[in-house]
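Visitor: build the 3D model from these lines:
(2 chains)
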Amino acid sequence: MNLDLLNFVGQTLALLLLAPLLSGCIKNWKAKLQNRRGPRPWQVYFDIVKFLRKDMVISEHASWVFSFAPYVVFLTALLAGLMVPMVNAPAPLRLFGGVLAVVGLLALGRFFLALGGLDPASTFGGMGSSREMTISAIAEPAMMLAIFTVAITAGSTDLSQIAQSTQSATWKLLNPAHVLAFAAMFVVLLAETGRIPVDNPATHLELTMIHEAMLLEYSGRYLALMEWGASIKQLVLMTLLVNVFFPVGLAGPQASVAALGISLAAYLAKLLALSAVVVVVETTNAKMRLFRVPDLLSTAFVLAALALLSTFLFQ
Amino acid sequence: MLLTIALVAYVAGMAGALLTQRAERVANALGFGLAALGGACGVVFSVVSLAAGQAMTSAPVTLWSGPIPAVRLVVEVDALSCFFVLIVSLVGLAISIFSFGYARTYYGRKNVGVLAGVYNALLLVTTLVFIAGNLWMFLIAWELMALLAYAMVSFEHEDREARQAGVLYFIMSHLDAACILLGFLVLAQAAGDFSFASLHGIGAKLSPHQRDAAFLLFLCGFGIKAGVVPLHIWLPVAHPVAPSNISALMSGVFIKTGIYGLVRVCFEFLGPPPMWWGATMLAAGTVSAVLGVLYALMEHDLKRLLAYHSIENIGIILMGLGAALMFLHTGHEVLASLALIAGLYHTINHAVFKALLFLGAGAVLHATHTRNMEEMGGLAKRMRWTSLFFLVGAVAISALPPLNGFVSEWLTYQSLLQGFGTTTSLVRLMFPLGGAMLALTGALAAACFVKAFGITFLAQPRSDHARNAHEASLPMLVGQGVLAAACVFLGLFPTVFLKLLDPVTQQLAGHQLSQQLTLANGLVLAGATAQGGTVSTLGIMLMAVCLLPVPLALWAVFARRARTRIAPTWDCGQRGLTPQMEYTATGFSKPLRMIFKALFRPRREVQREYDFSPYFATTLRFESHMEEVFQTRIYRPVILGLFRLSRRLRALQAGSLQAYLIYVFITLVALLLFAL
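Guide: Here you go, the predicted structure:
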């Protein structure tokens, strides 16, 4: 029980503290790759603290939903993160939900984020909400199908169990189903975290923005929660990708301290490698037109469907 | 005993309201008061009997014995009946309380006595459909339900739209009655008796072809009632035009009679199902779910939007039932019970949140006098409680944790995922693909309810009606509150509720699952078998409360000096934002309209007048249409064909008596020859 509590507190802190750093790293590397100096990786922490200290301006048109949304966005991202194994295999809240709950919680956060975008009556907010809900609607089946494929090979929707079952036989990671599902999930990751072929995280006040458009009217500590929640969500999805679809080095239950250390190192290495790939993709691609995005996401869906078909063929 | 009180209360409410028509206040209080009493009794009765856990609650009771031996009206209450009585009573109770306030809007305008009387009669016959013990009772109650519902659809008959909707509803409900009658005749002919007890497992006595024919007839008949695509066209037309409390009853309860019929017939009467029955049902469910939500997204009439969502949710229920039939075929009875539970749980969930949303829509309609979302907005400030209850319903129907829609869809996912291992044939790919479509449905439903809630309740009011809107009266709020509380209860305490489903699955699939579905003293819901996952909505809520101090602590540390200011929304340097600049419901769904344009076939017309440059238009006219694919591609050709046929047949009906006598004679001779 004590160990569980430690696990819980540890993972909560890890989610809270690692997420901004990861966002900062991606920003920094992206700048480097584009021959700019870029902000320091830990700049995001300073941003959050600064937002927290600032006064808040709330729109006169906004209702209670506007003030309620930041809490929901932040807490759902955090709760979803506690259900994904980060450093050792049984995630702290594994009993409270598996992959379906993770997807559900992130969807709940997105639901309130979109409502918060609509509430201040600005055109930008409505635009962002409409696009966010559209893109997530076509990303979700691809994501579910990819997850189902690994869940079916593992025989459970419990994330920890999925991670452990592939871990016991590493060769399984190279079977076509797994590789295809990983590819599909990577495309979904780009869409869900608002990365470049789909959305541009660096724009502000452009007609192409999606996520930023919904946050335009937020300021002060609510903005801090929203930004922090978004970076936690990004960390959760990346953890899902590296630990469930590629669980190399993940420590099991009752692991020794040394094993946990190795696991932590493996996790960070995988996370940084994935971030590097994201940076390369963001730098080498241009943002797509909105109505080209469904093509990209249906590619992801087809990849996931092929993954499913290959579990059928290779069993 | 309690059930008898409930039925008597409905009868008394009907009679009382109709007799006191002249005094509308008395009729209102008497009619809806007694209906609420009946609903409360029904809830207590069904919960107590389901908790007691016997499959059969009472021996068959003959209400009336006709002069011919076979003609009897029998009622019989078993676990399945109890479960559906629970649905009609719970929803009926809440709607009755709501109606008590809602009916006041009809004072001096319409006959409240008739409204309350027919409402009671509807509750009565719906309950009778669920507890019918033989075919006579079932079919008579079924037909009465259709007729009374027709009366309510055309209640506001001054409106042309309502009259047309009524006629369409009338025609479709008779088509379904015809299919069901034919199906039951096939069964009754083999059984030689009309009681449900003798129909039990009668499918074994039929030839495979007869069985398949009966299944298809029932699927069509009950499918029309439930609103399965492509038999759904009446539903989005008829449900919105009825008074809002009746809409809630129709979408919440009436279409569930179709589900009840399918469960009763497929799991009890027709015997062991072949694979294609379940596969057909699963496929029909998937198609209904996806198309229902896609059409809902394109609606900006609030009540029509909700009606399309009923089609979606019926699809989700059918996915569970279809999977259950497939598992029965492969002999996996535990999984069949799980899938059945998923379907039935979604049935009660949909009844609760859809009724809640329709009541919310009724309160909004009452406050703004319009169903058009483009004229609403800003109601969250003017109708605080209604907006809160509507939001609860919206989160629940979008299958988001921690509310009830999430729980039943989670169970559906579990049964679909575990279904993959039940067979080695290619059919098993249907399960994960169905799951992916369910994910698509859920995400689209969330998009749709962001639109429905956001455009209706948030931002600036878009019309004077919305600007002057006022909160609903107390009974209307209490009615919604009861259903919202039910959503929260069914969401947070599924393990408590699942115990009530034990006798039902015992009766239909031979297994009680609540033990296997419960972990950690009822805190956690598990997926029944070793491969299943676990989830705990209550745990999620508790953890959310545990983690809430994190942001609050941050406030305390960093934001002590920060102040909050109310200011206008940033307007890009214009002079103030007007409601015209807001995103509209049509605009919100535009990306999805473009993505699925092969289905919607949108057509738009823009006319713009300008003086010197097209960018500075003086007037702008925008029109957007979508093709109603099912009406134009399927129904219209059939209807035109029918007209052509009847024109041909008109030659027979020449109006001369001699000719008719000759027809009779020829028919008689032909029949005699046939008999010989």
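
Visitor: tell me the contacts of residue 293?
Guide: Since no chain was named, I'll use chain A. Residues in contact with A:Val293 (CB atoms under 8 Å, 6 or more residues apart in numbering or on different chains) are A:135, A:138, A:191, A:197-198. Any C-beta I mention is one placed from the backbone N, CA and C, and that applies to glycine too.

Visitor: that answer is for a different chain, and I need it for chain B
Guide: B:Val293 neighbours (CB under 8 Å, 6+ apart): B:308-309, B:312, B:441, B:444-445, B:448.

Visitor: just the residues you listed: which are in helices?
Guide: B:308-309, B:312, B:441, B:444-445, B:448 (DSSP state H).

Visitor: now these in a markdown table, with pLDDT, neighbour count and distance to chain A?
Guide: Converted to a markdown table, those look like this (pLDDT from 0 to 100; neighbours: other CB atoms under 10 Å in any protein chain shown; distance: CB to the nearest CB, whole Å):
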| residue | pLDDT | neighbour count | distance to chain A |
| --- | --- | --- | --- |
| B:Tyr308 | 94 | 26 | 16 |
| B:His309 | 95 | 28 | 15 |
| B:Glu312 | 95 | 26 | 13 |
| B:Thr441 | 95 | 29 | 9 |
| B:Leu444 | 95 | 28 | 5 |
| B:Ala445 | 96 | 28 | 9 |
| B:Cys448 | 95 | 30 | 9 |
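
Visitor: what two of those residues are the furthest from one another?
Guide: The most widely separated members of those, counting by CB to CB, are B:Tyr308 and B:Thr441 (12.0 Å).

Visitor: name the helix or strand for B:Glu605, please.
Guide: strand B:602-610 (DSSP states H and E).

Visitor: of the contacts of B:Val293, closest to B:Gly655?
Guide: B:Tyr308 (45.8 Å).

Visitor: who's in contact with that closest one?
Guide: B:235-236, B:292-293, B:295-296, B:299.

Visitor: next: B:Arg211.
Guide: B:203, B:270-271.

Visitor: one step back: can I get the contacts of B:Tyr308 in a markdown table with secondary structure, distance to B:Gly42 and pLDDT?
Guide: Output for those, formatted as a markdown table (DSSP: H, G, I helix; E, B strand; the rest coil; distance: CB to CB, whole Å; pLDDT from 0 to 100):
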| residue | secondary structure | distance to B:Gly42 | pLDDT |
| --- | --- | --- | --- |
| B:Leu235 | helix | 25 | 92 |
| B:Pro236 | helix | 29 | 91 |
| B:Gly292 | helix | 29 | 94 |
| B:Val293 | helix | 31 | 95 |
| B:Tyr295 | helix | 33 | 93 |
| B:Ala296 | helix | 30 | 94 |
| B:Glu299 | coil | 33 | 90 |
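
Visitor: taking those together, which two end up most distant?
Guide: B:Leu235 and B:Val293 (13.8 Å).

Visitor: before we move on, back to that, nearest to B:Leu187, of the contacts of A:Val293?
Guide: Taking the contacts of A:Val293 together and measuring to B:Leu187 by CB to CB, the closest member is A:Ile138, at 44.5 Å.

Visitor: so which residues of the stretch 451-600 of chain B form helices?
Guide: Secondary structure of the stretch 451-600 of chain B (DSSP state H, counting those that start in this stretch): helices at B:464-467, B:474-492, B:494-509, B:514-517, B:537-547, B:549-558, B:585-588, B:590-595, B:597-600.

Visitor: any bit of the last one sitting next to chain A?
Guide: What it means is helix B:597-600. No - legend: contact between helix B:597-600 and chain A by CB under 8 Å from any CB of the partner chain is lacking; minimum distance shown is 10.0 Å.

Visitor: can you tell me which helices and strands that helix packs against?
Guide: Packing contacts for helix B:597-600, counted by 3 or more CB pairs under 8 Å, 6 or more residues apart in numbering or on different chains; DSSP states H and E, involve helix B:275-298.

Visitor: so how far is the helix it packs on off the chain centroid?
Guide: Here helix B:275-298 is found 14 Å from its chain centre; the criterion is CA atoms, centre = their mean, to the nearest Å.

Visitor: residue 126: helix or strand, and which one exactly?
Guide: The chain I'm using is chain A. Per DSSP H and E: helix A:123-154 holds A:Gly126.

Visitor: please go with chain B instead
Guide: Per DSSP H and E: helix B:112-131 holds B:Thr126.

Visitor: output the next helix or strand after that helix as PDB, restricted to C-alpha atoms.
Guide: As assigned by DSSP H and E, the chain's next helix or strand after helix B:112-131 is helix B:135-153. Only the C-alpha atoms of helix B:135-153 are listed here, as PDB (Å, rounded to 0.1, in the frame of the first residue of the first chain):
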ATOM      1  CA  LEU B 135     -50.200 -12.300 -28.200                       C
ATOM      2  CA  TRP B 136     -53.600 -10.700 -27.900                       C
ATOM      3  CA  MET B 137     -52.600  -8.500 -25.000                       C
ATOM      4  CA  PHE B 138     -49.300  -7.600 -26.700                       C
ATOM      5  CA  LEU B 139     -50.700  -6.800 -30.100                       C
ATOM      6  CA  ILE B 140     -53.600  -4.800 -28.700                       C
ATOM      7  CA  ALA B 141     -51.400  -2.800 -26.400                       C
ATOM      8  CA  TRP B 142     -48.900  -2.300 -29.200                       C
ATOM      9  CA  GLU B 143     -51.600  -1.000 -31.500                       C
ATOM     10  CA  LEU B 144     -53.100   1.300 -28.900                       C
ATOM     11  CA  MET B 145     -49.600   2.700 -28.200                       C
ATOM     12  CA  ALA B 146     -49.200   3.600 -31.900                       C
ATOM     13  CA  LEU B 147     -52.600   5.200 -32.100                       C
ATOM     14  CA  LEU B 148     -52.200   7.200 -28.900                       C
ATOM     15  CA  ALA B 149     -48.700   8.300 -29.900                       C
ATOM     16  CA  TYR B 150     -50.200   9.400 -33.200                       C
ATOM     17  CA  ALA B 151     -52.700  11.600 -31.300                       C
ATOM     18  CA  MET B 152     -49.800  13.200 -29.400                       C
ATOM     19  CA  VAL B 153     -47.600  13.700 -32.500                       C
END
